[in-house]
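K.L.:
using only what follows, build the 3D model:
(chains A and B)
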Amino acid sequence: MGFALKVLTPDRVLVDADAAALVLRSSDGDMTVLDGHTSVVAGVVPGVVRIDPDEGEPLRLAVHGGFLQVDTGPGGEGPSGLATEVALMAGVAELVSEIDVQRARRARDEAEALLADLRAGRPEEGREPSAEEEGAASALARAQLRLEAAGATEPTR
Amino acid sequence: MAGGVVRTLRRRIRTVEATKKITRAFELIAASQIIRAQNRIAANRPYREAVARVVREAAKGDPAAAGLMGTPEHPRKVAVALIVGDRGLSGPYNANVFRAAESLLAEQREGGAEVQLVTVGRRAIAYFRFRGRETAESFSGMADRPAFGDARQVAGSLWHLFRTGEVELVQLVSTRYESAGHQRVEVTQLLPLPEPAAKGAGEPGSPGPSDETARSGYTEFEPDVASLLAQLMPRSVEAELFAALLEASASEHAARQRAMAAATDNAEELVRTLTRTMNQARQDAITNEIMEIVGGAEALREAKGA
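P.N.:
The predicted structure follows:
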């Protein structure tokens, strides 16, 4: 028996399914959520999240940071007698199968160039990074995660 | 001479007809945008509610979060954010927000607070520049089709003001989309996080008490509640702001559709009156001409007979 899992983004409900297991990296380390997992609220660090359905191929997501809420209480029909509801919220997340590798590659190169430009202009160390620089850095991090995530499913390209 | 009047009227009718076509087109565009905007609100709702739920859960676990929650009694420094459109032609949509913002500003000043303005929408730039009012920051180009990145930008700037202690309270004035026929300007508190009870009461869109609390009494936090809340708060502001942007955009389209429908009706009415006046002028002209001919013929015959 699985548990109800929702992956929510500001633009849509990305996943709404029954899952057997959810594997992700929280701010305290890797964790796996199974049915009956204790109630928890956790920060999710950017990385690849794996969802194992009751049967069939696991689903992989690139999640660019977010939060996880596991809510377990009495009332389930399963052997544990508990009902588990899991919600994973992310500002930006996508299915690995939907990642556009060409685009991510372009975005990475652009962000790298922009970041190099910005940093070359203001060489002092230890200063507070500008909003533009932070934006470029996070764009770069997103592009790198996308490439890394997609690379896992298509090794050579 | 009389033909001149008819020609002028005909030209005016043509102009009004052209205007009517434009307003009709705007109306149809707005109508299609409403549907899209509504769908986006619906698609966003689960995310927004889930984030709100997590925030409530985390806040419950940390009584020390009091500084980040609740409403300060007498704030000295306040940020007021407002969301209007980039364009006009939307009836009273923008003016309603400005009016609510003005009364909020007056209220805060009366309380002795120093107010910083953060605006979204090109209309606000013009409005406050004309009144010689300084704005801390102005955003534009996102009101029509807000993207989550836009919300993140605005929320980032508000969060920065709050985190650095430049303001103690962040309020938002925006239009809430209740239904296609009903939108309402509302003042909401973004930061510190409003007390869940106070918030749930005034908001029909917020989740009911049934799904408000977790099933179990005990919830673990990773990392500890305090650092989790620190991570969670800016995300929560983003989520609230994105929802507000989506609702404002839907409201703007609804207001525009209504305004343009009224304009189209007006144009139709004007064409009808003008056509009537023109027909009358034409008939007058014909009558005049006949009178002149008859009068001329009469005069000729009298001249011959004499």
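K.L.:
neighbours of B:E17, how many?
P.N.:
Applying other CB atoms under 10 Å in any protein chain shown, we find 14 other residues in the vicinity of B:E17. Just so you know, the C-beta spots here come from the backbone N, C-alpha and C atoms, and that holds for glycine as well.
K.L.:
just the element for it, please.
P.N.:
helix B:2-61 (DSSP states H and E).
K.L.:
which helices and strands does that helix pack with?
P.N.:
Where contact means 3 or more CB pairs under 8 Å, 6 or more residues apart in numbering or on different chains; DSSP states H and E, helix B:2-61 is packed against strand A:3-8, strand A:13-26, strand A:40-44, strand A:66-74, strand A:82-90, strand B:169-179, helix B:225-305.
K.L.:
tell me the first helix or strand C-terminal of that helix.
P.N.:
Taking DSSP H and E, what comes next after helix B:2-61 is strand B:77-83.
K.L.:
for that next one, which strands pair with it and how are they oriented?
P.N.:
In the sheet containing strand B:77-83, its partner strands are strand B:114-120 (parallel), strand B:169-179 (parallel), by DSSP bridges.
K.L.:
identify all contacting residues around the helix or strand just after that strand.
P.N.:
Next in sequence after strand B:77-83, counting helices and strands by DSSP H and E, comes helix B:93-110. By CB atoms under 8 Å, 6 or more residues apart in numbering or on different chains, the residues outside helix B:93-110 that reach it are B:75, B:78, B:80, B:82-85, B:88, B:115, B:117, B:121, B:123-124, B:127, B:171, B:173-175, B:185, B:187, B:251-252, B:255-256, B:259.
K.L.:
tell me how far the one residue sitting closest to the centre of chain A lies from chain B.
P.N.:
In chain A, the C-alpha nearest the mean C-alpha coordinate belongs to A:V63, at 1.5 Å (CA atoms, centre = their mean). As judged by CB to the nearest CB, to the nearest Å, A:V63 and chain B stand 13 Å apart.
K.L.:
what residues are up against that residue?
P.N.:
Applying CB under 8 Å, 6+ apart, the residues near A:V63 are A:7, A:24, A:44, A:46-49, A:88, A:90, A:92-93.
K.L.:
near chain B too, which of the residues you listed?
P.N.:
A:V92 (CB under 8 Å from any CB of the partner chain).
K.L.:
please pick the buried ones from the contacts of A:V63.
P.N.:
A:7, A:24, A:44, A:46-49, A:88, A:90, A:92-93 (16 or more other CB atoms under 10 Å in any protein chain shown).
K.L.:
and those, which is closest to chain B?
P.N.:
A:V92 (7.4 Å; CB to the nearest CB).
K.L.:
is it true that that closest one touches A:D11?
P.N.:
No: using CB atoms under 8 Å, A:V92 makes no contact with A:D11, being 9.2 Å away.
K.L.:
who touches both of those two?
P.N.:
Joint contacts of A:V92 and A:D11 (CB under 8 Å, 6+ apart) are B:F148.
K.L.:
before we move on, the earlier item: need the strands paired with strand B:77-83 in TSV (columns: mean pLDDT and mean neighbour count).
P.N.:
As requested, the strands paired with strand B:77-83 are arranged in TSV below (pLDDT from 0 to 100; neighbours: other CB atoms under 10 Å in any protein chain shown):
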stretch	mean pLDDT	mean neighbour count
strand B:114-120	92	21
strand B:169-179	93	21
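K.L.:
make CSV out of the ones you listed and add distance to B:L270.
P.N.:
Formatted as CSV, the strands paired with strand B:77-83 follow (distance: least, CB to CB, whole Å):
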stretch, distance to B:L270
strand B:114-120, 36
strand B:169-179, 30
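K.L.:
and B:T135, which of those strands is closest to it?
P.N.:
Closest to B:T135 of those is strand B:114-120 (CB to CB; 4.3 Å).
K.L.:
how far away from the center of its chain is that closest one?
P.N.:
Taking CA atoms, centre = their mean, to the nearest Å, one finds the center of strand B:114-120 at 17 Å from the center of the full chain.
K.L.:
and the helix holding B:E17, how far out from the chain middle?
P.N.:
Distance, centroid of helix B:2-61 to centroid of chain: 10 Å (CA atoms, centre = their mean).
K.L.:
now do it against strand A:40-44, angle only.
P.N.:
If you take axes from the mean of the first three to the mean of the last three CA atoms, to 10 degrees, helix B:2-61 sits at 120 degrees to strand A:40-44.
K.L.:
low-confidence bits of chain B, can you list those?
P.N.:
Low-confidence segments of chain B (pLDDT under 70): B:1-3, B:63-67, B:196-217, B:306.
K.L.:
could you redo the last one with a cut-off of 80?
P.N.:
B:1-3, B:59-71, B:73, B:194-218, B:222, B:305-306 (pLDDT under 80).
K.L.:
what residues go with each domain of it?
P.N.:
Domains of chain B are assigned by automatic domain parsing as B:2-16+B:260-305, B:26-259.
K.L.:
any idea which element A:A149 lies in?
P.N.:
Assigned by DSSP H and E, A:A149 belongs to helix A:131-153.
K.L.:
from chain A, which residue is nearest to chain B?
P.N.:
Closest point on chain A to chain B, by CB to the nearest CB, is A:G73, at 2.3 Å.
K.L.:
dig out what that residue forms beta bridges with.
P.N.:
A:A83.
K.L.:
that older thread, now the contacts of A:V63 as TSV including distance to A:A136 and pLDDT?
P.N.:
Below are those laid out as TSV (distance: CB to CB, whole Å; pLDDT from 0 to 100):
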residue	distance to A:A136	pLDDT
A:V7	27	94
A:L24	26	92
A:V44	23	92
A:P46	16	92
A:G47	21	90
A:V48	23	91
A:V49	25	93
A:L88	27	94
A:A90	21	93
A:V92	16	90
A:A93	21	91
